[in-house]
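Undergrad: Give me coordinates for this.
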Amino acid sequence: MSSTTSGSPAPDRPGQGELVSRGVTPLPPEEARALVLDLNRRSTPADGGICTYQVVVDGGACPWKLDCENCDKFVMTGADLLYWRRKREHWYSLAERAPNDDMADWLHKIFEPTARAIDGLERALAGLGLLEDALALDMRRPQDYFHRLWSTGFKISELAVIGREKA
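TA: Below you'll find the predicted structure:
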């Protein structure tokens, strides 16, 4: 397979020293709007996104033991983009420093679905004209939680599909 320790990357993986983020091909605005979920009514914050599972929103226990990244009720917003970009860079960094190729390949395989969802989130935000706002978000400053960036969410399962289709 690929060798991250010898410097030759696998397909669709950055090589050592390459930029993790590449140009984003925006979704057409009508496709991006079709993916949007309205989070103003029934949702609750989760680690790195929003939970829309009503039992949890109503205060109940999560039947999936808070495995949000693998839950079809988990939603990402534009406000989550920088968090997930940092996570992606962290995983690539771990894989780059893996003691052997098998471990590096395993790390890339584990994070690959989430990486596709991040790519999809970038494309969807670009299609809605919100990508620049998401990239400029400074969480150290007071936020307008009624801004579209916070209330416009996308299911990660749908983001992973459009992330895979990136041009």
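
Undergrad: Now the helix or strand harbouring residue 94: buried residues?
TA: Counting by DSSP states H and E, the element that carries residue 94 is helix 81-96. By neighbour count with 16 or more other CB atoms under 10 Å, helix 81-96 contains the buried residues 81, 83-85, 87-88, 91-92, 95-96. For every residue, glycine as well, the C-beta is placed using N, CA and C.

Undergrad: Pretty sure residue 85 sits against residue 115.
TA: No: contact criterion CB atoms under 8 Å: residue 85 and residue 115 do not qualify, at 10.2 Å.

Undergrad: What are the buried residues along the helix ranked longest in the chain?
TA: In the chain, ranked by residue count with DSSP state H as the criterion, the top helix is helix 101-127. Across helix 101-127, burial judged by 16+ other CB under 10 Å covers 101, 104-105, 107-108, 111-127.

Undergrad: tilt between it and helix 81-96?
TA: Orientation note: helix 101-127 sits at an angle of 160 degrees relative to helix 81-96 (axes from the mean of the first three to the mean of the last three CA atoms, to 10 degrees).

Undergrad: average pLDDT for helix 101-127?
TA: pLDDT averaged over helix 101-127 equals 94, rounded to a whole number.

Undergrad: For it, name the packing helices and strands.
TA: helix 29-35, helix 81-96, helix 131-136, strand 152-155, helix 156-164 (3 or more CB pairs under 8 Å, 6 or more residues apart in numbering; DSSP states H and E).

Undergrad: Between the ones you listed, which one is closest to residue 52.
TA: Ranking those by distance to residue 52, with CB to CB as the measure, places strand 152-155 first at 7.8 Å.

Undergrad: List the strands paired with the closest one, with their directions.
TA: strand 37-38 (antiparallel), strand 74-77 (antiparallel) (DSSP bridges).
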